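Student: Give me a model of this one.
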Amino acid sequence: MDDEPLDEWAARRDADRPAPGERKAVPLGEGPTQGGHVDPAATRGMLEWDGHQWVPTGVAEDHAAALEETGPQNVAERVRLPRFGALPPAPEPWRPTEEWWRP
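Tutor: So this is what the prediction gives:
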């Protein structure tokens with residue numbers, strides 16, 4: 001296993017984290033957190049990143065009101081994509097070990 005230098009790891013971790021002051025809205029209620037399109041009328045809890053954790057800052061009545069407070073949430077832009085060539089090579093297709101001929 002390759003060991004990654006600590007400074008490279010810290011830079012990679014910081015690139016994945018939100019900026020301090022960034023806000024997001026999460027649905028309040030039972031069950032797992034889901035996207036805004038699932039239940040747009042649900043009440044949303046407003047959260048703000050303080051540099052270490054998400055801190056509750058308020059409540060919005062629905063998804064539209066939450067977007068007015070937070071702006072568009074472009075979380076997908078922070079997702080890192082794999083480097084080209086980082087995936088293992090594709091396996092060779094299966095071939096029989098002996099050649100045979102149909103009579």
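
Student: doesn't residue 59 fall inside a strand?
Tutor: Yes: with DSSP: H, G, I helix; E, B strand; the rest coil as the criterion, residue 59 is located in a strand.

Student: measure it to residue 51 for me?
Tutor: Here the distance between residue 59 and residue 51 works out to 23 Å (C-beta to C-beta, to the nearest Å). Any C-beta I mention is one placed from the backbone N, CA and C, and that applies to glycine too.

Student: got it, and residue 32?
Tutor: Separation of residue 32 from residue 51 (C-beta to C-beta): 26 Å.

Student: Which one's more surrounded, those two?
Tutor: More crowded of residue 32 and residue 51, by other C-beta atoms under 10 Å: residue 51, with 11 against 5.

Student: what's the distance between the closest residue to the more buried one other than its chain neighbours and residue 53?
Tutor: Once flanking residues are discounted, residue 51 sits nearest to residue 20: 4.3 Å by C-beta to C-beta, 6 or more residues apart in numbering. Look at residue 20 and residue 53: by C-beta to C-beta, they are 11 Å apart.

Student: again, but for residue 23
Tutor: 13 Å.

Student: higher neighbour count, the two?
Tutor: A side-by-side neighbour count of residue 23 and residue 53, using other C-beta under 10 Å, places residue 23 first with 17 against 8.

Student: Just to check, that one is in contact with residue 44?
Tutor: No: assessed by C-beta atoms under 8 Å, residue 23 is found out of contact with residue 44, at 11.0 Å.

Student: any idea which helix or strand comes after the longest helix belonging to the chain?
Tutor: Of all segments of type helix in the chain, defined using DSSP state H, the longest is helix 6-16. Remark: after helix 6-16, the chain's next helix or strand is strand 23-27, criterion DSSP states H and E.
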